[in-house]
Every structure is written in structure tokens, then in C-alpha cells.
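Engineer: next come a sequence and a model predicted from it.
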Amino acid sequence: MIKINRTSALSLLSGMVMGVVVTIGPALAEQETPVADTEATQQVNDPLESVNRVTAGFNRIFRKTIADPLIMGYQAVTPEPLQKVISNIGSNLTEPVTALSSLLQGDSENASNAMSRFFINTTIGVAGASDQASEMGIVQRREDLGQAAGAAGTSGGAHIVLPFFGPSNVRDVTGDILTTLINPLHTATSAVNAGTSYAENREELNALTDSAMDPYILERDAYEQNRQYRINNGAAAMSDIPDFEDEEEEETK
């Protein structure tokens, strides 16, 4: 059985459509999520819940009727080695963003680590097609501008569910917009990473949400806890559901 944790489950849902579009012509989003408890649920800032629920419902219908068939087609016609190459290239393109975000947090070690990975995988790894850096023992730890802002004390703000893209919040949406302005490839890169992860774990994700009494609360709390977990660099209580992203990173070694 795949080892899961609720943080991963929700990141994947949050990138869903963007990835479908670029996965099939490439892929769709990502992540990890601690288990929600009653106190955490009450602390989520969700003034737009009524609107968010409608959007989340639309996203689930879209995933079932359009995204899932596209993903199944992608898996059927794309050889696994090629799927891995696409995953590796998408992962490699996140390294400059990780380096910048780490520097903003004063984490020069991870910034150096990210740039080393980017240089090695872009050159020896042939434009990132192969994760040579992981084989050399240089482990990836992704960071983004939303995490950097969170580490600086910026709260997530109101929870938002974006059409197709899924759960987010004001801070993270702002970080994504700024990143896209700096690097226009950011949206496509995120889509590739999300899509490849979702393609590998589609059945587990669907089972997770289908069995939930309230899928909206599950997705919302998993996303918010995932982000806090990442901002704290893993300093959070985690639960036993699949850690999809970590699994994907291990497979690239």
C-alpha cells in the first residue's frame, strides 16, 4: 500500500485542471497534508465558503467527467519512461523558484542546494530529463513565494477555491501571480508537476474524496494544513495517508 499523508492529497487536487490541459498536452498539481482536527478546522479563514463550495463542486464534476478520462488516455498512450521524463523536467524547472524563495527566507543552504540541482540536472541530466542530482545525494526540498511570505509571518488570508485550479488562499494566489510575472513558465511547470502526480495517484485521490462525509472540508483543511506544514519545513503532525509528492521524488532518484 502507498504511504499517504493528507498534505499530498490536497496539493494534487489543487493543481488538477491546469495539469490536465498541459499534461495531455502535458499534465496537472501537488502536495502533502496533515490530518485536520476540530480546532484546525475552526481556525480556517473561510468567509467565502458558500461560493467556494459551489466552485469546489464544479471542480469535482470537471475532474470526473473531463480530467479523469484525459488522464486515463494520457497513461494509456504515453510510455512510463516518457511520463518520468516529463515529471523530471517539470520538477527541474521549479528549482530557480525554490532558490529565490529560500533566499527570501534567509535559507542560503537550500537556495544553494536548489541551484546545484538545477545546474546538474540541466546539464548532465539533459535539460532535466534525468534527475542526476538525486542520484548524487542532493535531495530536493521545494519552496515557493507563498511559503516565503508565510515564513515571514504573513497569514494565508481568506481561503479561496479557484475554478479548475482548486484550493488556495489569498497569500498563495498572490505568490503564484508574482512567480508567473517573474517566470512565465511557472503555470505550465506547476501543471506538469500536478498532472504527473495526479496521473500516478488518481484512484487513491478519488477514493479519498469519495469516502469523505464532506469533501469540501477535507480539501479545504488538507490544503491549509499542507501549506502550514511546508512553511514549517515539516514541523507538523502528519497522518497516515499517501505522501504522493515524496513518493514521486523518490522514484526520480
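Structural biologist: Now that the structure is in, tell me what you want to look at. Everything numeric in this text was worked out from a predicted model, so none of it was measured. Numbers count the residues shown, from 1 in each chain.
Engineer: ok, residue 85 - contacts?
Structural biologist: By C-beta atoms under 8 Å, 6 or more residues apart in numbering, the contact list for residue 85 reads 129, 130. Where C-beta positions appear, they are placed from N, C-alpha and C, glycine not excepted.
Engineer: and it, which helix or strand is it part of?
Structural biologist: helix 80-92 (DSSP states H and E).
Engineer: who touches the helix or strand that comes right after that helix?
Structural biologist: Moving toward the C-terminus from helix 80-92, the next helix or strand (DSSP H and E) is helix 95-104. For helix 95-104, the external contacting residues (C-beta under 8 Å, 6+ apart) are 108-112, 114-115, 117-118, 121, 140-145, 147-148, 152, 179, 182-183, 186.
Engineer: let's see which of these end up in helices.
Structural biologist: 108-112, 114-115, 117-118, 121, 145, 147-148, 179, 182, 186 (DSSP state H).
Engineer: which one among those sits at the bottom for pLDDT?
Structural biologist: Checking pLDDT across those, the minimum falls on residue 186 at 77.
Engineer: and that residue, how far from residue 195?
Structural biologist: Per C-beta to C-beta, to the nearest Å, residue 186 is found 15 Å from residue 195.
Engineer: neighbour count for the two, which is higher?
Structural biologist: More neighbours surround residue 195 than the other of residue 186 and residue 195, with 35 against 21 (other C-beta atoms under 10 Å).
Engineer: so for stretch 231-240, mean pLDDT?
Structural biologist: Stretch 231-240 shows an average pLDDT of 64 in the prediction.
Engineer: so, low pLDDT: which residues of the stretch 51-200 of the chain?
Structural biologist: Residue ranges of the stretch 51-200 of the chain with pLDDT under 70: none are present.
Engineer: what about 90?
Structural biologist: In the prediction, the stretch 51-200 of the chain carries residues with pLDDT under 90 at positions 63-64, 67-68, 70-76, 78, 80, 83-84, 86-87, 90-91, 164-166, 180-200.
Engineer: mind checking the SS state of residue 125?
Structural biologist: Following DSSP: H, G, I helix; E, B strand; the rest coil, residue 125 is assigned to coil.
Engineer: can you report how many residues lie near it?
Structural biologist: Count around residue 125 with other C-beta under 10 Å applied: 22.
Engineer: excluding chain neighbours, what is closest to it?
Structural biologist: residue 132 (4.3 Å; C-beta to C-beta, 6 or more residues apart in numbering).
Engineer: my guess is the one you found contacts residue 119. True?
Structural biologist: No. Applying C-beta atoms under 8 Å, one finds residue 132 not in contact with residue 119, separated by 10.3 Å.
Engineer: now, the most widely separated pair of the ones in helices among the contacts of helix 95-104?
Structural biologist: Greatest spacing in the ones in helices among the contacts of helix 95-104, by C-beta to C-beta: 109 and 186 (23.4 Å).
Engineer: what is the burial count for residue 183?
Structural biologist: Number of residues near residue 183 (other C-beta under 10 Å) recorded here: 16.
Engineer: ugh, wrong one, residue 163
Structural biologist: If you count neighbours by other C-beta under 10 Å, residue 163 ends up with 12.
Engineer: all set now, cheers.
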